[in-house]
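Chemist: I'd like to go over a predicted model; first the sequence, then the structure.
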Amino acid sequence: MATIKPFKAIRPATDKVAFVASRSYEEYQEEELQSILKFNPFSFLHIINPGFKFDKSITGKERFKLVHNRYLEFLEDAIFEKDEAPSLYLYKITNENFSSLGLFCATSVQDYRDNIIKKHEDTIEKREILFADYLKTVGFNAEPVLMTYKDDKVIASILEREVQKVPIYNFTTTDKVQHQLWKISKKETISALEDAFYKMDALYIADGHHRSASSCLLAEACSKANKDHSGKESYNFFMSYLIPESEVKIYEFNRMVKDLNGLSKEEFLIQLDTYYRIEKRDDGIYKPSKKHHFSMYLDGEFYSLYLRKKVYQFSDALSELDTQILYKTILEPVLGISDLRNDKRIAYGYGKYNLIKMKNNIDNGDFAVGFGLVPITVNEIKAIADAGLVMPPKSTYIEPKLRSGLAIYEI
């Protein structure tokens, strides 16, 4: 039974929200980042990049403390304000091709422990500990975990009713994406949503596995240090953004490898013939259209790879996943790549024009071969999570991508 809770969000002042909200820090090129930091004093980037104030690159625990200080300054300067009543927050993201309507709420660490909140990716312990330390020092969580839930008529009807009201935020960013936020403070509405989610067997993490794991780690440390621990403290919950399965957009990550592991082109193709029927494509850029089919770009030519299903054995949900099939039939045994996270010979790409980018990278000599896949589905993610299995890294690129700084959860 999934637990959600309202919380008193820290939010940007209405007249400054368009200036505060930022994309994920990793998405900025250095030149754009420096320009925003220089000319936009309200950007949330100032909080997560506190060294800019001192014209100094700051890392580690010193940075964590300064992030906390910049956060306090935003509160003192009324750039941020704290809501008086615990609320849920309805957030809609719309662009010309995509729209999602989801809910900011607090979700339970205990649900994560009990596998009611389900994961499909492994986490790295070092990163868990680092981010837990970060959360403890800064005292807030500004990056919600993206989770999905099975489409529900009761929840949908409540949310559709709420979006008929005037939003507290309504602005468009320079990437032509519209952002709208509604605050749900009415106790009856909150209770109805809590009850609807409590009837669900599971929530599924789409993006934010390390954030979830770190919040769990922090809760364990805080509960041990608090002799009056009750289970109701804020550290027992973490901020999430919940959207129905139908509104999740999943894109594929393609793979590019720098060399053929000492094989000639002909030797490489012969090795692939064990598991695949290989056909050269003479009709330009080739993109696969269904599961267990791959495109390959090699030596200036596209190929289609059709899995020989009588040779490859399907044993569980993971073995049916295209990223796992590619790993087990080509990347590991033929190209010698066993560590998909850390091997410098492999790179990943995503996006609308990624096959063209992949082709250009190989034509330029940066890589020797590239593989195109079809996107993984929500049902595949759920099957992996339900079975307690783990996907290969870079199996999914998931939207929506949320703006930072719109709602902050204090720990």
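Modeler: Okay, I see it.
Chemist: now do the same contact list for the spatially closest residue to Lys8 that is not a sequence neighbour.
Modeler: Closest residue to Lys8 apart from its sequence neighbours, by CB to CB, 6 or more residues apart in numbering: Asp83 at 4.8 Å. Quick note: C-beta positions are derived from backbone N, CA and C, even for glycine. By CB atoms under 8 Å, 6 or more residues apart in numbering, the contact set of Asp83 is Lys8, Ala9, Ile10, Arg11, Lys183, Ser185.
Chemist: where's Asp83 relative to Pro6, distance?
Modeler: Separation of Asp83 from Pro6 (CB to CB, to the nearest Å): 9 Å.
Chemist: overlap of the contact sets of these two?
Modeler: Joint contacts of Asp83 and Pro6 (CB under 8 Å, 6+ apart) are Ser185.
Chemist: settle this for me: Tyr327 is touching Pro392, isn't it.
Modeler: Yes: under the contact definition of CB atoms under 8 Å, Tyr327 touches Pro392, with a separation of 5.4 Å.
Chemist: find the residues that touch each one of those two.
Modeler: Contact criterion CB under 8 Å, 6+ apart; residues shared by Tyr327 and Pro392: Leu340.
Chemist: show me what contacts Ser240?
Modeler: Contact partners of Ser240, counting by CB under 8 Å, 6+ apart, are Ile4, Phe104, Cys105, Ala106, Thr107, Pro144, Val145, Leu146, Met147, Leu203, Gly208.
Chemist: ok, the closest residue to the last one other than its chain neighbours to Phe131 distance?
Modeler: Distance criterion CB to CB, 6+ apart; nearest residue to Gly208, sequence neighbours excluded, is Val145 at 3.4 Å. From Val145 over to Phe131 the distance is 12 Å, taken as CB to CB.
Chemist: can you give me the helices in the chain?
Modeler: Assigned by DSSP state H, the chain shows helices spanning 17-20, 30-39, 45-48, 60-76, 109-113, 125-138, 153-162, 187-198, 209-225, 265-272, 322-326, 354-363, 378-386.
Chemist: tell me what the third one is packed against?
Modeler: Helix 45-48 sits against helix 30-39, helix 60-76, with contacts defined as 3 or more CB pairs under 8 Å, 6 or more residues apart in numbering; DSSP states H and E.
Chemist: again, only using 6 Å
Modeler: Other helices and strands packing on helix 45-48, by 3 or more CB pairs under 6 Å, 6 or more residues apart in numbering; DSSP states H and E, are helix 60-76.
Chemist: circling back to that earlier point, thought the residue nearest to Gly208 was touching Ala213?
Modeler: No: look at Val145 against Ala213 with CB atoms under 6 Å: they stay out of range, at 10.0 Å.
Chemist: show me the contacts for Leu242.
Modeler: Contact analysis of Leu242 by CB atoms under 6 Å, 6 or more residues apart in numbering lists Gly102, Leu103, Met147, Tyr149.
Chemist: surely Ile36 and Ser43 touch.
Modeler: Yes: here Ile36 lies in contact with Ser43, judged by CB under 6 Å, at a distance of 5.2 Å.
Chemist: check the gap between the residue of the chain most remote from its centre and Asn115 for me.
Modeler: Relative to the centre of the chain, the most outlying C-alpha is that of Glu266, 38.9 Å out, by CA atoms, centre = their mean. In this view, Glu266 and Asn115 are 48 Å apart by CB to CB.
Chemist: which pLDDT value belongs to the nearest residue to Asp151 once chain neighbours are set aside?
Modeler: Nearest non-adjacent residue to Asp151, counting by CB to CB, 6+ apart: Pro244, 4.5 Å away. Predicted confidence (pLDDT) for Pro244: 97.
Chemist: do the same with the one 4 residues further on
Modeler: Reading off the confidence values, Val248 has pLDDT 92.
Chemist: with Arg127 instead?
Modeler: pLDDT, Arg127: 89.
Chemist: contacting residues for it?
Modeler: Counting by CB under 6 Å, 6+ apart, Arg127 touches His210.
Chemist: how near is it to Val369?
Modeler: Arg127 is 30 Å from Val369, by CB to CB.
Chemist: same question, Glu380
Modeler: 25 Å.
Chemist: got it, and Phe54?
Modeler: Distance check for Phe54 against Val369: by CB to CB, it reads 46 Å.
Chemist: so the two - more neighbours on which side?
Modeler: Shown here are Phe54 and Val369; by other CB atoms under 10 Å, Val369 has more neighbours (21 against 9).
Chemist: dig out what the spatially most central residue of the chain forms beta bridges with.
Modeler: By CA atoms, centre = their mean, the mean C-alpha position of the chain lies nearest to Asp207, the distance being 3.0 Å. Counting by DSSP bridges, Asp207 forms beta bridges with Leu146.
Chemist: hang on, it packs against Thr396?
Modeler: No: using CB under 6 Å, Asp207 makes no contact with Thr396, being 8.4 Å away.
Chemist: need the contact list for Ser212.
Modeler: Tyr112, Val145, Ile205.
Chemist: tabulate those residues (CSV), appending neighbour count.
Modeler: Shown next, in CSV, are these (neighbours: other CB atoms under 10 Å):
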residue, neighbour count
Tyr112, 21
Val145, 24
Ile205, 23
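Chemist: same list, those residues, but as TSV with pLDDT and distance to Glu31 please.
Modeler: Converted to TSV, the contacts of Ser212 look like this (pLDDT from 0 to 100; distance: CB to CB, whole Å):
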residue	pLDDT	distance to Glu31
Tyr112	97	39
Val145	96	30
Ile205	96	33
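Chemist: from the residues you listed, which is closest to Ala347?
Modeler: Checking the contacts of Ser212 against Ala347 with CB to CB, the nearest one is Ile205 at 24.8 Å.
Chemist: excluding chain neighbours, give the residue nearest to the closest one in space.
Modeler: Closest residue to Ile205 apart from its sequence neighbours, by CB to CB, 6+ apart: Lys119 at 4.9 Å.
Chemist: show residues contacting the strand ranked longest in the chain.
Modeler: Ranked by residue count and defined by DSSP state E, the top strand of the chain is strand 99-108. Applying CB under 6 Å, 6+ apart, the contact partners of strand 99-108 are 3-5, 7, 88-93, 237, 240-243, 247, 400, 407.
Chemist: any chance you could map the strands in the stretch 301-411 of the chain?
Modeler: 301-307, 346-349, 369-372, 397-399, 409-410 (DSSP state E, counting those that start in this stretch).
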